[in-house]
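Participant: Pasting the sequence and the predicted model now:
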Amino acid sequence: MTKWDYTTDVLIVGSGGGGMTAALVAKKAGLDVTVIEKSECYGGSTALSGGGVWIPNNYILEKKGIVDSMEKARTYMDNTVGDRVPSEFKEAYLVNAPKMIDWLRENTKTKFIHVPNYSDYHPERPGGIPQGRALEGKPFNGRKLKKDLQYLNTFPYDVPLGISFSISEYHNLGMIMSTWAGKWTALKAGMRAIFGLLIRYRHLTLGGALIGRLRKSMLDENIPLWLNTPFEDLILDKGKIVGVIAKKEDSEIRIKAEKGVILAAGGFPHNLEMREKYHPKPITTEWTSAHSGNTGDAILSGMKHGAAVDLMEDAWWGPSSVPPDELPFFHVGERGYPGGIMVNKAGKRFTNESASYVVVVHEMYKKHSKEIPHIPCYFIFDQRFKSKYMFGMVFPGMKFPEKYFESGYIKTADTLEELAEKIDVNAKNLSDTVKCFNDFAKTGKDEDFGRGDSAYDHYYGDPNVKPNPNLFPLEKPPFYAVEFVPGDLGTKGGLVTNEHAQVLRKDGSVIEGLYAVGNSSSSVMGNSYPGPGATVGPTMTFGYVAAKHISEKK
């Protein structure tokens, strides 16, 4: 007989977007809820993210006059995700994602806004929408969290002047030297930072705004959140999960969950043994942008108790660089700005640099070989690019930190031939590649990889560059090179679940009492990435689904 130290109806492991959404839904249904979090701060990888959610057929799109429908969204998912996941699983997402948004709007402090023109990642495929289905959390005054603000996971990079920005504002800031919208956004963000200091207003955006609003809603509902309480194992009794073992204040405790356990603890990006076992090579834990607490604990425990896993070979990949003494930087905008290219160790381009980040890294791994390494590859740009666009958190007009050059993170040279020597690639190939690219830029047509053909490519393009906003010649010295590696926002594989977010065994049977969402589960998106927010959107949606299923069970 298990001796219990604490009893609750629903025990949730993890305090990211999925865990918090599940907690709120279960609490509003009249259930006792407790959330445990292994780290000293809450929010998980959601708080560190852009905070976008990909929600087909949502009410905000309708208000904006953007035409979407269940049928259109289903067609698009069929043409991106395909049959990699069961149709009933995809259908559960399409049906419940807009319901989740509606529920949060009506029952919590969590509000969303549309990200204008942030296209689906494959808008030309049937069902795709160039205007985008992505929403983001409405900016939030962190002071409303009072003492809990200090425990919120914060944006992991140093931003000049301490400014904050939304997803759409980040897009505009990238064009600060090119468009009036960029200049106005910079001015607005700067003034907001100054006035925020004067009136003690903490302007939260991105994942911070989303998690901040969810946390405030949890505080309003008096939902317990135990920080520094790592999950250790599930407790199985007669084939049913009845609770968990956790560690609190250096003591092992047993928590009974009368109605169910929801695993929302992230994936395994920081578990080297798991990455080496499941992921393509080369791989390391040093390239990921995911929360450091994501070490696969929940997945391993589920497997120990008979759960099936899937998609373990994949991740939410993206080309990244690793600056000295800083966290890895996940490069999104830079690859879309005109005037930068990616080359392999042979000094040749190998993909459409402006494509969705998962697509680009899939190409890196697919084409990587001992004969022609693609990992690392190199991002090459010139002085014009440096003067016009952001690179990481270095704005136009700012100097790169000296440590970037001293460490070799950035290599620079006055000629392409010298640069090729510094990065050990074939000089003639690199010169020929740049010449070919420059010719494409002048005609506006990338005849090798179709860069700029998609509406998604254009989102980070320069509207003042004609005829193709993603292409501009690399001609002005000095030239720069930065190593790009396959980073990620988290892993994609995990426990297999059904349309109710219940965890399944290898034979397809349900492990009663156990649910998994987000990166603790195998993704509803399969090997694809349909649009911005296709990580956080499903996390929150299936958190909603799991809590609903638990609360409606007799």
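Facilitator: In hand now; what should we look at? Numbering: from 1, shown residues only.
Participant: remind me which residues of the stretch 401-550 of the chain are low pLDDT?
Facilitator: Regions of the stretch 401-550 of the chain meeting the criterion pLDDT under 70 are absent.
Participant: Do a quick rundown of the helices in it.
Facilitator: Counting by DSSP state H, counting those that start in this stretch, the stretch 401-550 of the chain has helices at residues 402-406, 416-423, 427-443, 455-459, 536-552.
Participant: partners of V53 in the sheet?
Facilitator: L135 (DSSP bridges).
Participant: from the helices of the stretch 401-550 of the chain, which stretch is densest packed?
Facilitator: Most buried of the helices of the stretch 401-550 of the chain, by mean neighbour count (mean count of other CB atoms under 10 Å): helix 536-552, with a mean of 27. All C-beta atoms are positioned from the backbone trio N, CA, C, and that covers glycine.
Participant: For it, output the C-alpha coordinates as PDB.
Facilitator: Extracted C-alpha coordinates of helix 536-552, given in PDB (Å, rounded to 0.1, in the frame of the first residue of the first chain):
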ATOM      1  CA  VAL A 536       3.000  25.900 -28.700                       C
ATOM      2  CA  GLY A 537      -0.400  25.700 -30.400                       C
ATOM      3  CA  PRO A 538      -0.700  21.900 -30.000                       C
ATOM      4  CA  THR A 539       0.800  22.000 -26.500                       C
ATOM      5  CA  MET A 540      -1.900  24.300 -25.200                       C
ATOM      6  CA  THR A 541      -4.600  22.600 -27.300                       C
ATOM      7  CA  PHE A 542      -3.900  19.100 -26.000                       C
ATOM      8  CA  GLY A 543      -3.500  20.500 -22.500                       C
ATOM      9  CA  TYR A 544      -7.100  21.800 -22.900                       C
ATOM     10  CA  VAL A 545      -8.200  18.400 -24.400                       C
ATOM     11  CA  ALA A 546      -6.600  16.400 -21.600                       C
ATOM     12  CA  ALA A 547      -8.200  18.500 -18.800                       C
ATOM     13  CA  LYS A 548     -11.600  18.400 -20.500                       C
ATOM     14  CA  HIS A 549     -11.400  14.600 -20.900                       C
ATOM     15  CA  ILE A 550     -10.500  14.200 -17.200                       C
ATOM     16  CA  SER A 551     -13.200  16.500 -16.000                       C
ATOM     17  CA  GLU A 552     -15.900  14.900 -18.100                       C
END
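Participant: I'd like to know which elements it is packed against.
Facilitator: Where contact means 3 or more CB pairs under 8 Å, 6 or more residues apart in numbering; DSSP states H and E, helix 536-552 is packed against strand 6-13, helix 17-28, strand 52-54, helix 87-107, strand 251-263, strand 510-516.
Participant: As CSV, these with mean neighbour count and distance to V485 would be great.
Facilitator: Shown next, in CSV, are the helices and strands packed on helix 536-552 (neighbours: other CB atoms under 10 Å; distance: least, CB to CB, whole Å):
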stretch, mean neighbour count, distance to V485
strand 6-13, 23, 30
helix 17-28, 28, 27
strand 52-54, 28, 23
helix 87-107, 18, 31
strand 251-263, 22, 29
strand 510-516, 24, 29
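Participant: do you know which of those lies nearest T415?
Facilitator: With respect to T415, and counting by CB to CB, the nearest of the helices and strands packed on helix 536-552 is strand 52-54 at 40.6 Å.
Participant: Which strands or helices does the closest one pack on?
Facilitator: Against strand 52-54 (3+ CB pairs under 8 Å, 6+ apart) you get strand 134-137, helix 536-552.
Participant: mind listing what's buried in the shortest one?
Facilitator: Applying a neighbour-count criterion of 16 or more other CB atoms under 10 Å, the buried positions in strand 134-137 are 134-137.
Participant: got TSV for the helices and strands packed on helix 536-552, with distance to E447 too?
Facilitator: Shown next, in TSV, are these (distance: least, CB to CB, whole Å):
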stretch	distance to E447
strand 6-13	51
helix 17-28	42
strand 52-54	32
helix 87-107	36
strand 251-263	48
strand 510-516	45
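Participant: all strands for the stretch 151-300 of the chain, in order.
Facilitator: Along the stretch 151-300 of the chain, the segments classed as strands by DSSP state E, counting those that start in this stretch run 203-204, 225-226, 231-237, 240-248, 251-263.
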